[in-house]
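Novice: I'll drop the sequence and a predicted model, then ask my questions.
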Amino acid sequence: MDISSAVGMELQDSKMNGGALPADAVGPSQEHEDFLPSDDPVPERKPVQFMDFEGNTSFGMSVFNLSNAIMGSGILGLAYAMSHTGVIFFLALLLCIALLSSYSIHLLLTCAGVVAGTEGIRACREGSGGHRHLSAQCWGDWYLKGNFLIIIVSVIIILPLALMKHLGYLGYTSGLSLTCMLFFLVSVIYKKFQIGCAVGRNETAVTSEDSPDVPRQGFNISCEAHMFTVDSQMSYTVPIMAFAFVCHPEVLPIYTELCRPTQRRMQAVANVSIGAMFFMYALTATFGYLTFYSSVEAELLHMYSQRDLLILCVRLAVLVAVTLTVPVVLFPIRRALQQLLFPSKAFSWLRHVAIALILLVLVNVLVICVPTIRDIFGVIGSTSAPSLIFILPSIFYLRIVPSDTEPLFSWPKIQALCFGILGVLFMAISLGFMFTNWATGHNHMSGH
């Protein structure tokens, strides 16, 4: 609904102009460097709004922002997903989801080109979607006693960044966020070689006071990695992987602020971002799984000793990364609410600040109240992820791309239709298995 509201506004504008697309709209098979309107005054156009401006965000900063939108708390659950699918099966599924995410962004960008128009894609500049980084489980002991800290961080760090008017300004904080996650990845790889395989250790020995560098949980007694595995917990694993690649609400806002924006240039931003996150995800999941095997939890950081100084630094880095991601995903939410509730109102700083405050309050309530990160991964990965990755982009493509350009039974539209059907099946199967697990009492963590 968040993306569709912005697209719907543009369709209404075209209907008011006699049902014809504007003269400078870009077709699905045509693009040019002047995608956004120029500064030349045109009498028929609306006057420039306070929030309208030419995109000036560099390619690199756009990659940082989109990568930051992709990456989030989902990375903490990937080792758990691998433990219930096997190494080879997991990597194959992860690659498929990455490729499908890239294709769905292609559909969104094609639709954006069709409805570009005079004000065009600007309506999507601050878009929607903010479900991805609601969990602060990685805070460990701070989380148990630190609800105050959550509120303080939200007010001092997140709120000022969320109040920025342009998304491009967050490229630097996105770069810092990615650096923190890179530190997390390097630490996971290092701890794998430091810990090794503790065959024969029991949980009492592992959690003893004189062993601060070993994890608090027991190991798989055989320390064997499975290449292919299918079990009842797989209903969580595929949604976790889908959850980890959701960035689609941020695509159009980043597109509008991109310097020299074209469909091909934005697709390159998406491909670089998705590719980088695929390798980061694959390495994190592989080394996390090869450290703990079938004992790994849904949140990887819970497996390490809480007295380990390096792990404490990693927890802080992940906290910084997730914190700096929230302002990026708040931009699309706020713009969607403005388009939905105040479509004809001029920009107002009071409304801008009020929406940000309300959203932060809701995020804090969810962070404090949601019991486990796995429930977030499972439920959102089974509902929002297939909707944003599969279903909505295919619907937009089928509805927006005109039939005289792409007939209904043309191969691109058949592909889009199959893509949407795949998303519906994915959602139904994932939710079905998840509800079955809950009903039959198999909702426990394997290996504990």
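Specialist: Noted; the coordinates are in hand.
Novice: what stretches of the stretch 201-350 of the chain score poorly on pLDDT?
Specialist: 201-222, 232 (pLDDT under 70).
Novice: what does the stretch 51-200 of the chain give?
Specialist: Checking the stretch 51-200 of the chain against pLDDT under 70 turns up 51-55, 116-147, 198-200.
Novice: So which residues of it form helices?
Specialist: 59-70, 78-83, 87-114, 141-145, 147-153, 159-162, 171-195 (DSSP state H, counting those that start in this stretch).
Novice: Same check on the stretch 251-400 of the chain?
Specialist: Under DSSP H, counting those that start in this stretch, the stretch 251-400 of the chain gives helices at 263-292, 309-341, 349-369, 373-382, 384-386, 392-400.
Novice: Tell me which of those is the most buried.
Specialist: helix 384-386 (a mean of 25; mean count of other C-beta atoms under 10 Å). All C-beta atoms are positioned from the backbone trio N, CA, C, and that covers glycine.
Novice: helices and strands around that helix, which ones?
Specialist: helix 234-243, helix 411-440 (3 or more C-beta pairs under 8 Å, 6 or more residues apart in numbering; DSSP states H and E).
Novice: Which one, of the helices of the stretch 251-400 of the chain, ends up nearest to M164?
Specialist: helix 309-341 (7.2 Å; C-beta to C-beta).
Novice: Which strands or helices does that closest one pack on?
Specialist: helix 2-16, helix 59-70, helix 159-162, helix 171-195, helix 248-257, helix 349-369.
Novice: With distance to V230 as added columns, please give those in a markdown table.
Specialist: Below are the helices and strands packed on helix 309-341 laid out as a markdown table (distance: least, C-beta to C-beta, whole Å):
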| stretch | distance to V230 |
| --- | --- |
| helix 2-16 | 34 |
| helix 59-70 | 27 |
| helix 159-162 | 42 |
| helix 171-195 | 25 |
| helix 248-257 | 29 |
| helix 349-369 | 32 |
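Novice: Could you say which one of those helices comes nearest to F278?
Specialist: So among the helices and strands packed on helix 309-341, helix 59-70 is nearest, using C-beta to C-beta, at 9.5 Å.
Novice: picking that back up, distance to S58 added to the helices of the stretch 251-400 of the chain, as a markdown table?
Specialist: Converted to a markdown table, the helices of the stretch 251-400 of the chain look like this (distance: least, C-beta to C-beta, whole Å):
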| stretch | distance to S58 |
| --- | --- |
| helix 263-292 | 10 |
| helix 309-341 | 16 |
| helix 349-369 | 25 |
| helix 373-382 | 31 |
| helix 384-386 | 29 |
| helix 392-400 | 26 |
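Novice: so which of these comes closest to T440?
Specialist: Closest among the helices of the stretch 251-400 of the chain, using C-beta to C-beta: helix 373-382, at 15.3 Å.
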